[in-house]
Every structure is written in structure tokens, then in C-alpha cells.
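> Predicted model follows, preceded by the sequence.
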Amino acid sequence: LSHRLRTPLTALQTDLYIARTEAKTPAERSRIVAASRQAKRLEDLADNLLRLSRLEAGEAVDLARVDVGALVSSSADGIASRAEQAGLRLEVAVARRGGPFVTSDAAKLAVAVENLLDNAVKYTPAGGHVTLKARADGDEVALDVEDDGPGIAAEDLPRIWDRLYRGDRSRSERGLGLGLSLVRAIVEAHKGRVEVVSAPDHGARFTIHLAGVRQP
């Protein structure tokens with residue numbers, strides 16, 4: 001179903017792009033842009049459902065030695081313009097190359113990091129900041145994504161990993177309820193774990209823990 005949804009959604013986005021270029025008034029253009037934004041949300045939902053269902057069906061991870069510093073720096077570059085447009089300060093505390101290193105599926109791990117960054121940008125008010133770190137932690141490598149948004153209510157914390165769960169409105173009103181489920185599925189496919197520390201009005205810090213490997 002997720003795969004079949006992608007074809008009409010892609011066609012819809014193409015039609016909306018053409019309509020936007022042909023719009024005759026600012027009001028028309030504004031409505032088309034809003035429609036395109038909602039279509040993009042549906043595309044994201046279909047993509048995440050497809051990725052999640054494949055992982056839950058036992059799709060193999062393509063393991064190789066990955067420079068986490070380079071991977072998270074690339075993920076940060078991909079969201080930097082969105083953070084700037086939202087009036088946020090994005091801090092990246094990691095070298096662009098030279099480790100730390102893990103054995104992972106780089107494409108899937110990047111999706112997990114980008115989902116956490118996407119959440120952080122969505123929920124952090126203008127003037128706030130989002131921090132991305134990668135660090136050696138004993139025999140593990142830890143990736144932290146931290147924000148100073150509204151935080152997560154204590155009663156919601158145990159369920160935020162559930163598919164389509166939407167808890168405290170302050171933290172979920174712009175979400176689709178799949179991003180964190182996908183993050184956990186990707187991390188667990190790598191035999192790792194993901195944790196969250198949060199409190200209302202004190203932001204949230206998500207940490208991915210993976211087994212590290214020695215530098216060459």
C-alpha cells in the first residue's frame with residue numbers, strides 16, 4: 001500500500017509545481033504552496049511506512065565501516081537551511097571526518113539521524129537551538145540530538161516509539177507519528193539502542209548507541 005501511494009503522490013506534486021508556476025495571483029500561489037506542503041507530508045508518511053514495514057519484515061542491513069563524523073555532518077548540512085529559515089541555531093559538535101567509526105548501513109543510519117533532526121527542528125521555537133553530537137562512549141559510539149523545545153510529558157515517554165502514537169499536543173501536533181518508530185527500528189536492526197531524556201518545557205535529548213569500531 002505504501003509503495004502504491006507513492007506514484008499518485010509524486011504525480012500530484014508534479015501537477016502542483018506546474019500549477020504554482022502558472023498561478024495568476026499571489027493568493028492562488030499561496031494556496032498551491034500550502035497544498036504542496038500537505039502533499040509532501042503524505043509522501044513522507046508513505047516513505048516512512050514503506051521503510052518501517054521493510055525493516056519489520058526483516059530487511060537486511062548492508063553493513064560496512066562508516067565514519068560517523070562524516071555521516072552526521074552531512075545530515076546536518078541537509079537540514080541547515082530549514083533550521084535557519086525557522087530562526088534556529090544549529091550546532092554540530094563533531095569532526096567532519098576521522099571518526100568515530102561504527103559498522104552500519106550508512107543510508108539507513110542517515111535516515112534515523114535525519115528523522116531526529118527533523119523532529120528537533122519542528123518542535124523548537126524560533127530563537128532556540130538544536131545540537132548534534134557524535135562521541136566515543138567506551139566501546140560504543142553515541143549520537144545525540146538535543147533541542148530546547150517544549151519537551152515531552154512523562155506519561156508520553158514510554159509510548160513515543162509506538163507507531164502512529166500522538167501524545168502531548170505541544171510536541172505532536174506537527175508530527176505524523178512514524179518518525180520515532182522508524183528511528184527505533186533502524187537502530188535495533190543495527191543491534192543498538194535509542195534513548196530519550198526529556199521534561200515539559202526543558203527540551204529533549206535523543207541518543208543513539210551503537211557498537212564502535214577501532215580506527216584503522
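Noted; the coordinates are in hand. Numbers count the residues shown, from 1 in each chain.

> When you work out contacts or count neighbours from here on, use the C-alpha atoms and nothing else.
OK.

> Where does pLDDT dip in this protein?
For the chain, applying pLDDT under 70 flags the ranges 95-96, 165-177, 215-216.

> Most remote residue from the middle of it, which is it?
Lys24 (35.8 Å; Cα atoms, centre = their mean).

> name the helices or strands packed onto the helix or strand containing Asn119?
Taking DSSP states H and E as the criterion, the element that holds Asn119 is helix 106-123. Packing contacts for helix 106-123, counted by 3 or more Cα pairs under 8 Å, 6 or more residues apart in numbering; DSSP states H and E, involve helix 68-85, strand 129-137, strand 140-147, helix 179-189.

> thinking Asp47 is in contact with Leu1, fair?
No. Assessed by Cα atoms under 8 Å, Asp47 is found out of contact with Leu1, at 10.8 Å.

> The two: which is more packed in?
Each of Asp47 and Leu1 has its neighbours counted (other Cα atoms under 10 Å); Asp47 has more, 16 against 8.

> who's in contact with the more buried one?
Contact analysis of Asp47 by Cα atoms under 8 Å, 6 or more residues apart in numbering lists Ser2, His3, Arg6.

> my read: the first one touches Ala46, true?
Yes. Counting by Cα under 8 Å, Ser2 does reach Ala46; the two are 4.9 Å apart.

> quick one, which of those two is more surrounded?
Remark: of Ser2 and Ala46, Ala46 carries more neighbours, 20 against 15, as counted by other Cα under 10 Å.

> Next one: that one from Gly98, what distance?
Per Cα to Cα, to the nearest Å, Ala46 is found 35 Å from Gly98.

> do Leu90 as well
Here the criterion is Cα to Cα. By it, Leu90 lies 21 Å from Gly98.

> Make sure Ala199 is actually in contact with Gly149.
No. Ala199 lies out of contact with Gly149 (Cα under 8 Å); the separation is 10.0 Å.

> Compare these two (neighbour count), which wins?
A direct count of neighbours by other Cα under 10 Å for Ala199 and Gly149 places Gly149 higher, at 24 against 14.

> Tell me which helix or strand His209 sits in.
Assigned by DSSP H and E, His209 falls in strand 204-213.

> That strand pairs with which strands, and in what direction?
Sheet pairing of strand 204-213 (DSSP bridges) gives strand 101-104 (antiparallel), strand 140-147 (antiparallel), strand 193-198 (antiparallel).

> returning to that earlier point: neighbour-wise, which of Leu90 and Gly98 wins?
Shown here are Leu90 and Gly98; by other Cα under 10 Å, Leu90 has more neighbours (22 against 12).

> So what sits opposite that one in the bridge?
Under the criterion used (DSSP bridges), Leu90 bridges to Val130.
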